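[1] Attaching a predicted model along with its sequence, questions to come.
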Amino acid sequence: MMKFKNFNSLSILEEGSRLFFGFGDVLLKNIETCNFLKEIISSSYGPEGMNKLITLNSGKSIISNNSLDILKNLNLNHPISKLILFFSFSQEINLGDSTGFIIIFTSELLNQAFELLKDGYHISEIIQGFSEAGRLSLNLIETLVTVKLTDFFNLKIMSSLISLIIGKNIQGLENFLAPQIAYACTQTLSSSKKKISINDIRVVKVLGGSFEQIKTINGTIVLKDTEGRIKKKKKANFLIFLGI
């Protein structure tokens, strides 16, 4: 019979790796990982959050209290931390805000779940309780709605909703930009199409000027001067050649 010598299982893993056995140890380490992210984000969370000095891989340093900037520059290898970051970035893509809230809220849920486990509750019971709480929360949110968007072509309501989303990143300009963004979005809609298509909206940057010169038009913009002397023509027909 062929025999194999006993060897250290860590020898096939990366240097610094550790092994944990048993459901309790693994679960505890997963929660500790989430709490580690919470400690990083919580001190920078809110209107009085402290700034973080972040050193990038390129050697440059930035100072920010924005949760998204902090999370983007964290080199994490733990699978749970990567999963939490994925949901946090999804929140940024879908809503444009509350990336830090996802980290803090998830950490608190896991800590409360761990207390229930220590009290003798089975993990299936905790999952069922969280699912029921999520369903009740969604029903409660429906009762708290103050504005419901039923007419996608109503520029006033569209502008007010968009200003809430973009106000965080461009404070002071949301009242000017929101109506133009709303107009551009409504131009991509039709009576049979109720979904906004961002692929039909193009942003063209022109050097010089100020934000007061920003304009939304329904048409095509070509950033190139005319070859001839004619600079303006009404009701003209255009032929565009696409070179490959």
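    It's in. Fair warning: this is a prediction, and the values are worked out from it, not measured in the lab. Numbering: from 1, shown residues only.
[2] Name all residues that make contact with the residue nearest in space to the middle of the chain.
    Centroid-nearest residue in the chain, with Cα atoms, centre = their mean: Glu92, separated by 1.2 Å. Glu92 makes contact with 68, 99, according to Cβ atoms under 8 Å, 6 or more residues apart in numbering. All C-beta atoms are positioned from the backbone trio N, CA, C, and that covers glycine.
[3] If we go by neighbour counts, what in the helix or strand it falls within is buried?
    Assigning secondary structure by DSSP states H and E places Glu92 in helix 79-95. The neighbour-count check on helix 79-95 (16 or more other Cβ atoms under 10 Å) flags 80-81, 84-85, 88, 91-92 as buried.
[4] Then stretch 122-137?
    Judged by neighbour count using 16+ other Cβ under 10 Å, the buried positions of stretch 122-137 are Ile126.
[5] How many neighbouring residues does Ala182 have?
    Neighbourhood size, Ala182 [other Cβ atoms under 10 Å]: 23.
[6] Skipping adjacent residues, who's closest to it in space?
    In this structure, Ala182 finds its nearest non-sequential neighbour in Met158, 3.8 Å apart by Cβ to Cβ, 6 or more residues apart in numbering.
[7] Same check on Gln180?
    Thr216 (4.2 Å).
[8] what about the one you found, which SS state?
    Using DSSP: H, G, I helix; E, B strand; the rest coil, the structure places Thr216 in coil.
[9] Starting from Cys34, give me the distance back to it.
    Thr216 sits 43 Å away from Cys34, going by Cβ to Cβ, to the nearest Å.
[10] Look at these two and report which has more neighbours.
    The neighbour count for Thr216 versus Cys34, taken as other Cβ under 10 Å, is higher for Cys34 (21 against 15).
[11] my read: the more buried one touches His78, true?
    No - judged on Cβ atoms under 8 Å, Cys34 makes no contact with His78 at a distance of 9.5 Å.
[12] sorry, back to before: mind pulling up the pLDDT for the residue nearest to the centre of the chain?
    Per-residue confidence for Glu92 comes out at a pLDDT of 78.
[13] again with Val26
    71.
[14] Tell me, how many residues neighbour it?
    Neighbour tally, Val26, other Cβ under 10 Å: 12.
[15] Correct me if wrong, but it is in a strand.
    No - assigned with three-state DSSP, Val26 falls outside any strand and is helix.
[16] Quick check: buried residues in stretch 111-125?
    For stretch 111-125, a neighbour-count test (16+ other Cβ under 10 Å) marks 113-114, 117 as buried.
[17] Name the spans of the protein whose pLDDT lies under the cut-off.
    Applying pLDDT under 70 to the chain flags residues 1-25, 167-169, 171, 191-194, 242-244.
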